[in-house]
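Chemist: Got a sequence here, can you build the structure:
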Amino acid sequence: MKAIGIATPPEMRALTAAIGWPRLYIDAIEQRLDIASFGLAGKPGALDRLTEWWRANDMDEESSLGHLETLVAGDCLVTIAAPGPDDDPEVPVIRVESPLTMYAETDIRTHKVTRALRTYVPDDMADVESATLYLPDRTVPLKRDRGSNHAWRVDGKPVFHGLGVCPVVPLTNRQRLADRRGQSEITPELRSVTDAAARMMMNLQAAAELLAVPQRILFGVEAEELRGTGGNREVLDTYFARILAVENDAAKASEFSSAELINFTTGLQELAKHFAAYTGLPPQYLSFSSENPASAEAIRAAEARLVKTCERKARMFGAAWRQVMRLAVHIMDGAPDIELSALEVRWSDPATPTYAARADAVTKLYAGGIIPRERARIDLGYSAEERAEMTEQDREEPMRQLTALVGGNTSRPRPAASRESGQVAA
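Modeler: Numbers count the residues shown, from 1 in each chain. Modelled structure (predicted):
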């Protein structure tokens, strides 16, 4: 408002427009960041266990919230804890926390969290009343004393986990060597372009209110004649602001031509192009392309920068999620699993190819012997349950084909053959 309100009367502040380009950009990235599965060579049983933990903690939804918070605020934090008395004893507790309520300190050398604090504010109060302190050897519940000094005290029994590392993993966005805490994806240049667009939109509204409709001018008419006696309309008759009737023979009427608003719309299109240049959003996302509908190849070419951005985000966030799952195994088993160092996070394709194009590509790879059948089904996006069902159907398919070929029940014993004649015995 400080920038938008320059040379703007206070009564026009209600025309301030909110331009949602940053939200559009953040949503375009977050919607393409979906964790499909985990991968680990030679240990499918461990993956089934991790997948069960992931689903039990609703991480399909919570991870999306974490990605969104990280893109907006620059970072968020993930906590891992052993199950409590009311939790499933076979599933660790994984929670995604906002940086507005949790703070963590990291080691400069290892870039790992050394200690963290999670605060809790009751709905009916404005001050922090309780907190949880995460340390490499224990987790301590804290509560603020409501006395005169408002000191913190231990509230309950600390949990001594003895992990040797703090069970907190940060998700960071746009790290730099001098700033490991991360930065928001809404950079200063994006904010400046958005502010300029908001001001131009407000000016467009003001011009539309004042100048878009032709303004009428009356000559030779006194102000009292316009108001009439007692403020009524006995002298001046107005019909929907289109017909003016004045009881004065000397009165003359004229009008100003309406103002063109194309200058504002052209300026908004230019600002949208600058925003697209900064972010890599395709033109159709900002609706400034007036060309004919693009083909599928043109759409994929326009999304190349956005897809590459999402791939980089997935690689950055994937390292944090791998550390989260390794810590979960460490907490549940009491010792770190060295083999889980090769754990990989598999993401859905951030591009938007059509299903027919993807099926055609996978079919060619399978027919050429490059990938096996199971890999082809994974690439097509089928879930583990769907693939298991397909595998069972693959086992039944030869039997159904044999039944269709010979007829009858193929499960009965085959007739014995005669050794002498080689003919089938009756």
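
Chemist: How much space separates residue 150 from residue 156?
Modeler: 19 Å (C-beta to C-beta, to the nearest Å). In this view, the C-beta of every residue, glycine as well, is placed from N, C-alpha and C.

Chemist: ok, now residue 64?
Modeler: Counting by C-beta to C-beta, the gap from residue 64 to residue 156 is 32 Å.

Chemist: who's more crowded, the two?
Modeler: Between residue 64 and residue 156, residue 64 has the larger neighbour count (other C-beta atoms under 10 Å), namely 16 against 9.

Chemist: which residues touch the closest residue in space to that one that isn't next to it in sequence?
Modeler: Using C-beta to C-beta, 6 or more residues apart in numbering and skipping residues adjacent in sequence, the residue nearest residue 64 is residue 30, 6.5 Å away. Residue 30 is in contact with 64, 67-68, 71, counting by C-beta atoms under 8 Å, 6 or more residues apart in numbering.

Chemist: Compute the number of surrounding residues for the residue lying closest to residue 303 once chain neighbours are set aside.
Modeler: Excluding its sequence neighbours, the residue lying closest to residue 303 (C-beta to C-beta, 6+ apart) is residue 282, at 5.4 Å. By other C-beta under 10 Å, the residues close to residue 282 number 21.

Chemist: So residue 361: helix, strand or coil?
Modeler: Under the three-state scheme (DSSP: H, G, I helix; E, B strand; the rest coil), residue 361 adopts helix.

Chemist: so who does the closest residue to residue 121 other than its chain neighbours touch?
Modeler: In space, residue 121 comes closest to residue 128 once its chain neighbours are excluded; the distance is 5.5 Å by C-beta to C-beta, 6+ apart. Going by C-beta under 8 Å, 6+ apart, residue 128 touches 119-121, 144.

Chemist: coming back round to it: is the residue nearest to residue 303 in contact with residue 302, as I believe?
Modeler: Yes. Between residue 282 and residue 302 there is a contact under C-beta atoms under 8 Å: 3.9 Å.

Chemist: Tell me where this structure has helices.
Modeler: Remark: helices assigned in the chain by DSSP state H are 21-30, 44-56, 59-73, 188-210, 223-227, 262-279, 283-286, 296-302, 304-333, 355-367, 373-379, 384-406.

Chemist: what about those helices, which gets the closest to residue 87?
Modeler: Closest approach to residue 87 among those (C-beta to C-beta): helix 44-56, 9.3 Å.

Chemist: and that closest one, average pLDDT?
Modeler: Mean per-residue pLDDT for helix 44-56: 82.

Chemist: Residues touching it, excluding its own?
Modeler: By C-beta under 8 Å, 6+ apart, the residues outside helix 44-56 that reach it are 37-40, 60, 88, 91-92, 94, 325, 328-329, 337, 339-340, 343, 384.

Chemist: do that again at 7 Å, thanks
Modeler: For helix 44-56, the surrounding residues in contact (C-beta atoms under 7 Å, 6 or more residues apart in numbering) are 38, 40, 88, 91-92, 325, 328.

Chemist: Near residue 166, how many other residues are there?
Modeler: If you count neighbours by other C-beta under 10 Å, residue 166 ends up with 24.

Chemist: which strand residues sit across from the closest residue to it other than its chain neighbours in the sheet?
Modeler: Of all residues not flanking residue 166 in the chain, residue 113 sits nearest, at 4.4 Å (C-beta to C-beta, 6+ apart). Partner residues in beta bridges with residue 113, using DSSP bridges, are residue 106.

Chemist: repeat for the one 4 residues further on
Modeler: The bridge-partner assignment for residue 117, based on DSSP bridges, gives residue 103, residue 133.

Chemist: How many residues are close by it?
Modeler: Neighbour count of residue 117, defined by other C-beta under 10 Å: 17.

Chemist: my read: it touches residue 135, true?
Modeler: No. Shown here, residue 117 and residue 135 do not form a contact pair, counting by C-beta atoms under 7 Å, at 10.1 Å.

Chemist: Please spell out the PyMOL selection for the buried subset of the contacts of helix 44-56.
Modeler: In PyMOL syntax, the buried subset of the contacts of helix 44-56 is picked out as below (16 or more other C-beta atoms under 10 Å):
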select buried, resi 38+40+91+92+325+328
